[in-house]
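Visitor: could you look at this predicted model? Sequence included:
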Amino acid sequence: MKRILFLLSSLVLIASCAKSQEEPMSLKMIHSQMHRCPEATYLDFARGNFRWNYTPGLELRAYTDAAEFYNDEEIYEYVKAWYDKAVNEDGTINTYSVQTYSTDLICPAKSLFYFYDKTGDEKFRKAIDLVKTQIDGHPRTSEGAFWHKLRYPHQVWLDGVYMAEPFYVEYANRFLQGEEQLKAYDEIVNEFVIAAKHTYDPVTHLYRHAWDESHSQFWCNPETGQSQHCWGRALGWYCMALNDVLEELPATFARRQELIDILRQICAELPKWADPESGVWYQVLDQPGREGNYLEATCSVMFSYTFLKGIRLGFLDKDLLPYAKELYANVVKTFISTDEEGWISLDQCCSVGGLGGNGNRMGDFAYYLSEPIRSNDSKGVGPFVWASLEMERLK
């Protein structure tokens, strides 16, 4: 009897392993996360405490894309439970305040369009309109770019471009018309152009993490207002935002080409800054190989996704596809690990990165290396799911 039970358990294990090997990488990552976090309130180390924030919002938006692609009801319900917890019947959003004026808090609202379409529930439309009031009142620089946050006055961060613009462009497409819509498109393109103009480094041809219009922050160059380095994930956010917004902007909108040109310029430079051995990128992007610098997962995944999606949508040359496929394989080889039960993890993720604030973050090389490194950070998992879906589309 013991021998029979042993054989049966072995067959189950073999079947489970075979299924795991056959499962698409996007689903394998999602199911690994759902195993570690039975409810979405545990994602990104939140320990079950609900908080309206960009990190679960980013990861869960990738989940909904996978749920749609594979018609997976379990993943859909997992995400919907989080958004039902977030949005009240009157359209208010738990733990969210417009008056905080943080671009980070716009990011998770992108999925509200999806759930409004799927359910027809007016609470999601009301919540969309609530977040749009933040767009309308958000403080801006003299040229019209959003401050990253009210508590970071006069500052434009590359991170913030991703946080706000994909929501704004979808709102404009759906609910604005005529001159009002064209004005919104102009504002959205201006956000990218202003950020590029003021963070561009003519020496490296990359973009610095942030710019302070007032030139007064302790972390910035008093002459240029720029922060000290190109941080990998900041540029990753910016690249993903370019693809997301370009996907939504009408082809007839002439200024769309400005964003395509920026995307192509960045993608022409990025391979020059990758580690020549692994093919992926460092935490401090403009200091490759410097002692203490490390290969960082979230930015590498974001760049992988940027190339794959940009090629599919026609914004990048299709001749780049072999490179993009190899890059994805390098990401998997460098950063994906598998435990004894077959669950996968994305390793070597920088937990956080910013400038100023309570921690007096200087933005120098030592600062970016001081932040904790962890596995399965939402800021890497979400883009990894998207990059995997792009590879799976090719099949």
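Guide: Thanks, I have the structure now. What you see is a predicted model, and the numbers here were worked out from it, not measured in a lab.

Visitor: let's verify Arg393: helix, strand, or coil?
Guide: The local conformation at Arg393, judged by DSSP: H, G, I helix; E, B strand; the rest coil, is helix.

Visitor: let me know how buried it is, in neighbour terms.
Guide: Neighbours of Arg393 under the rule other Cβ atoms under 10 Å: 11. Every residue, glycine included, has its C-beta placed from N, CA and C.

Visitor: correct me, but it touches Lys309?
Guide: No - under the criterion of Cβ atoms under 8 Å, Arg393 is not in contact with Lys309, lying 9.6 Å apart.

Visitor: tell me the buried residues in stretch 72-87?
Guide: Buried residues in stretch 72-87, counting neighbours by 16 or more other Cβ atoms under 10 Å, are found at Asp72, Ile75, Tyr76, Tyr78, Val79, Lys80, Trp82, Tyr83, Ala86, Val87.

Visitor: now flag whichever of these is closest to His148.
Guide: The closest of the buried residues of stretch 72-87 to His148 turns out to be Ala86 (Cβ to Cβ; 22.5 Å).

Visitor: tell me the phi and psi of the closest one?
Guide: phi -80, psi -40 (degrees, to the nearest 10).

Visitor: would you mind confirming that it makes contact with Thr92?
Guide: No - under the criterion of Cβ under 8 Å, Ala86 is not in contact with Thr92, lying 9.7 Å apart.

Visitor: which neighbours do these two share?
Guide: Residues touching both Ala86 and Thr92 by Cβ atoms under 8 Å, 6 or more residues apart in numbering: none at all.

Visitor: which residues does Asp347 contact?
Guide: Taking Cβ under 8 Å, 6+ apart, one finds Ala297, Phe335, Ile336, Ser337, Ser375 in contact with Asp347.

Visitor: can you lay out the buried residues of stretch 72-87 as a markdown table showing pLDDT and secondary structure?
Guide: Listed next are the buried residues of stretch 72-87 as a markdown table, based on pLDDT from 0 to 100; DSSP: H, G, I helix; E, B strand; the rest coil:
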| residue | pLDDT | secondary structure |
| --- | --- | --- |
| Asp72 | 98 | coil |
| Ile75 | 98 | helix |
| Tyr76 | 98 | helix |
| Tyr78 | 98 | helix |
| Val79 | 98 | helix |
| Lys80 | 98 | helix |
| Trp82 | 98 | helix |
| Tyr83 | 98 | helix |
| Ala86 | 98 | helix |
| Val87 | 98 | strand |
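
Visitor: among these, which two are most distant?
Guide: Asp72 and Val87 (22.1 Å).

Visitor: could you pull out the strands for this structure?
Guide: Assigned by DSSP state E, the chain shows strands spanning 155-157, 200-201, 206-207, 210-212, 336-338, 344-346, 349-350, 373-374.

Visitor: show me what the second one is packed against.
Guide: By that I understand strand 200-201. Here strand 200-201 touches strand 206-207, going by 3 or more Cβ pairs under 8 Å, 6 or more residues apart in numbering; DSSP states H and E.

Visitor: kindly report the same for the fourth one.
Guide: When contacts are defined as 3+ Cβ pairs under 8 Å, 6+ apart, strand 210-212 packs onto strand 155-157, helix 178-199.

Visitor: where does the protein dip in pLDDT?
Guide: 1-21 (pLDDT under 70).

Visitor: how about TSV for the buried residues of stretch 72-87, with distance to Arg36 added?
Guide: As requested, the buried residues of stretch 72-87 are exported to TSV (distance: Cβ to Cβ, whole Å):
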residue	distance to Arg36
Asp72	18
Ile75	15
Tyr76	19
Tyr78	13
Val79	16
Lys80	19
Trp82	15
Tyr83	20
Ala86	21
Val87	25
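
Visitor: which one of those residues sits closest to Asp104?
Guide: The nearest one, if we look at the buried residues of stretch 72-87 relative to Asp104 and count by Cβ to Cβ, is Ala86, at 14.7 Å.

Visitor: gap between the two ends of stretch 112-128?
Guide: In terms of Cα to Cα, to the nearest Å, the two terminal residues of stretch 112-128 are separated by 6 Å.

Visitor: what residues of it count as buried?
Guide: Leu112, Phe113, Tyr114, Phe115, Tyr116, Lys123, Phe124, Arg125, Lys126, Ala127, Ile128.

Visitor: distance to Glu59 for those residues - can I get that in TSV?
Guide: Putting the buried residues of stretch 112-128 into TSV (distance: Cβ to Cβ, whole Å) gives the following:
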residue	distance to Glu59
Leu112	16
Phe113	17
Tyr114	14
Phe115	16
Tyr116	20
Lys123	22
Phe124	19
Arg125	24
Lys126	24
Ala127	19
Ile128	20
